[in-house]
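> Quick one, what's the 3D model for this:
(4 chains)
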Protein chains: 2
Amino acid sequence: MPTVSSEELAAAAGVNSAKLRKDFSYLGSYGTRGVGYDVEYLVYQISRELGLTQDWPVVIVGIGNLGAALANYGGFASRGFRVAALIDADPAMAGKPVAGIPVQHTDELESIIRDNGVSIGVIATPAGAAQQVCDRLVAAGVTSILNFAPTVLSVPDGVDVRKVDLSIELQILAFHEQRKAGEEATAGAAAVQAAAREETSTDQGPDGDVPAVMPA
Amino acid sequence: MPTVSSEELAAAAGVNSAKLRKDFSYLGSYGTRGVGYDVEYLVYQISRELGLTQDWPVVIVGIGNLGAALANYGGFASRGFRVAALIDADPAMAGKPVAGIPVQHTDELESIIRDNGVSIGVIATPAGAAQQVCDRLVAAGVTSILNFAPTVLSVPDGVDVRKVDLSIELQILAFHEQRKAGEEATAGAAAVQAAAREETSTDQGPDGDVPAVMPA
DNA sequence: TTGTGTGAACGTTTTCACAGCG
DNA sequence: CGCTGTGAAAACGTTCACACAA
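The predicted structure follows:
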């Protein structure tokens, strides 16, 4: 399939073709009228725009089950992420290979960051250690942090933090599940219909979701 | 702190107080004019609305690093989730306790679902096994699935699927990181400014994020 | 007097619809 | 003729601002 139309892509993505074309238009005019988009060229342009063509060294701090799962996660490499180092506070872990990479002790944190030019750090430590690890990462030059620990981190301006809470997605499912059960009971307001719309959708993603606070 | 104002809550959440009041108003009139919201009452009302007051038995299928991390994750219990069973295809895992719960073999899947009245399943298997596990879960009566495997699952109508891709958040960080670097280079369009706004935000969540396709 | 609850104003995003290019 | 690219219109979500209740 060398070429694809906005209509086909939109159907696959579950959105309106006009939206898709408008979105693409912000990147430039990469389509051909009467034909569609050249798949390979489009993929390249989007990849470049999203930064997938760059090499991003990342460090993972906290090599418990979650840290190990992340280290083993196949999706990283294909998106330009390279696990530069695994760091853990437990001296017993030091030297032990996880996903083929030897774990290093927290003492090395600063030198690892500097030597590898790491600007993105992943925190998978227990909640208690997260802020301290975060501070050290930032001091060593990390400017983007992905936080899996159940704490809100405070960071200086210019540093980005994104917090991932593994239970939030479950909670959204439970919310819909609850609604499936008590359908007919709670009637009417307009807002309820907005929520109900979700249930019919074929979307599988954490986008286009649920309002911050959900109506009755 | 028995009472809290919309202003205080809004500041804590990083939103506008009017939005917060409007959102709350969809749940009912739980505040007191001139005073604010009764904290305990508000927490209860929101919890009930979100389904946190219910008990949700869940099964986790695929007890590798990620499955084990999920089983150990503290955030579930506090939100009404109860891990009813851990299931893995590896016979060597059977009986081994993870997070205090003995792992059961995939053969038991159907009976576990039925005996525990499970309606929510978590898939943490390799990609290759995900669809098959999904089909069995659905056939056994599960109507909501949280999928950590890097595959899009197909399910019949009436079943909700949410896919969690651990690398997406990293990618968003990398996107902003890229932008931090090449700031002045790419100038102008209105859409760029919309993106830039994000960088100043103190938001740490996967909400209020990034358009589906990002402008140059 | 303070702070909620909410119509009305505003800004943004999505969709429509079609001119124009290949 | 088909499908992109895009102004203009419609829909939507957020914020303002104030009447009113405690």
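
> right, is stretch A:18-28 up against chain B?
Yes - using Cβ under 8 Å from any Cβ of the partner chain, stretch A:18-28 comes into contact with chain B via A:Leu20, A:Asp23, A:Phe24, A:Tyr26, A:Leu27, A:Gly28. C-betas here are computed from N, CA, C, even on glycine.

> Then stretch A:128-142?
No - between stretch A:128-142 and chain B, judged by Cβ under 8 Å from any Cβ, nothing touches; the nearest distance is 10.0 Å.

> mind listing the strands for chain A?
Assigned by DSSP state E, chain A shows strands spanning A:3-4, A:31-32, A:36-38, A:56-61, A:81-88, A:97-98, A:101-105, A:120-123, A:144-147, A:160-163.

> quick one on the thing from earlier: of the residues of stretch A:18-28 next to chain B, buried ones?
A:Leu20, A:Asp23, A:Phe24, A:Tyr26, A:Leu27 (16 or more other Cβ atoms under 10 Å in any protein chain shown).

> my read: A:Val159 touches A:Ser144, true?
Yes - counting by Cβ atoms under 8 Å, A:Val159 does reach A:Ser144; the two are 7.2 Å apart.

> So if I had to pick from the two, which one is more boxed in?
More crowded of A:Val159 and A:Ser144, by other Cβ atoms under 10 Å in any protein chain shown: A:Ser144, with 25 against 15.

> Specify the beta-bridge partners of the more buried one.
A:Ile120, A:Asp160 (DSSP bridges).

> OK, contacts around A:Lys19?
A:Ala10 (Cβ atoms under 8 Å, 6 or more residues apart in numbering or on different chains).

> and what of A:Ala140?
Contacts of A:Ala140 (Cβ under 8 Å, 6+ apart): A:Leu109, A:Glu110, A:Ile113, A:Arg114.

> go with 10 Å
A:Val59, A:Leu109, A:Glu110, A:Ser111, A:Ile112, A:Ile113, A:Arg114, A:Val118, A:Gly121 (Cβ atoms under 10 Å, 6 or more residues apart in numbering or on different chains).

> looking at the residues you listed, which has the most residues close by?
Going by other Cβ under 10 Å, A:Gly121 tops these with 27 neighbours.

> Got the confidence number for that one?
Predicted confidence (pLDDT) at A:Gly121: the value is 98.

> Does it touch A:Leu146 like I think?
Yes - using Cβ atoms under 10 Å, A:Gly121 is in contact with A:Leu146, at 7.3 Å.

> Give the intersection of the neighbour lists for the two.
A:Val58, A:Ile60, B:Leu173.

> Against DNA strand D, how distant is the last one?
In this case it means B:Leu173. 23 Å (Cβ to the nearest atom of the strand, to the nearest Å).

> ok, and the closest non-adjacent residue to that residue?
Closest residue to B:Leu173 apart from its sequence neighbours, by Cβ to Cβ, 6 or more residues apart in numbering or on different chains: A:Ser144 at 4.0 Å.

> Then the first one?
The shortest distance from A:Val58 to any non-neighbouring residue, by Cβ to Cβ, 6+ apart, is to A:Ile120 (4.6 Å).

> residues from chain A in reach of DNA strand C?
A:Val15, A:Asn16, A:Ala18, A:Lys19, A:Arg21, A:Lys22, A:Thr32, A:Arg33, A:Gly34, A:Val35 (Cβ under 7 Å from any atom of the strand).

> Tell me, how many residues neighbour the fifth one?
Looking back up the chat, that one is A:Arg21. 16.

> wait, isn't it in contact with A:Ala10?
Yes - judged on Cβ under 10 Å, A:Arg21 makes contact with A:Ala10 at a distance of 8.4 Å.
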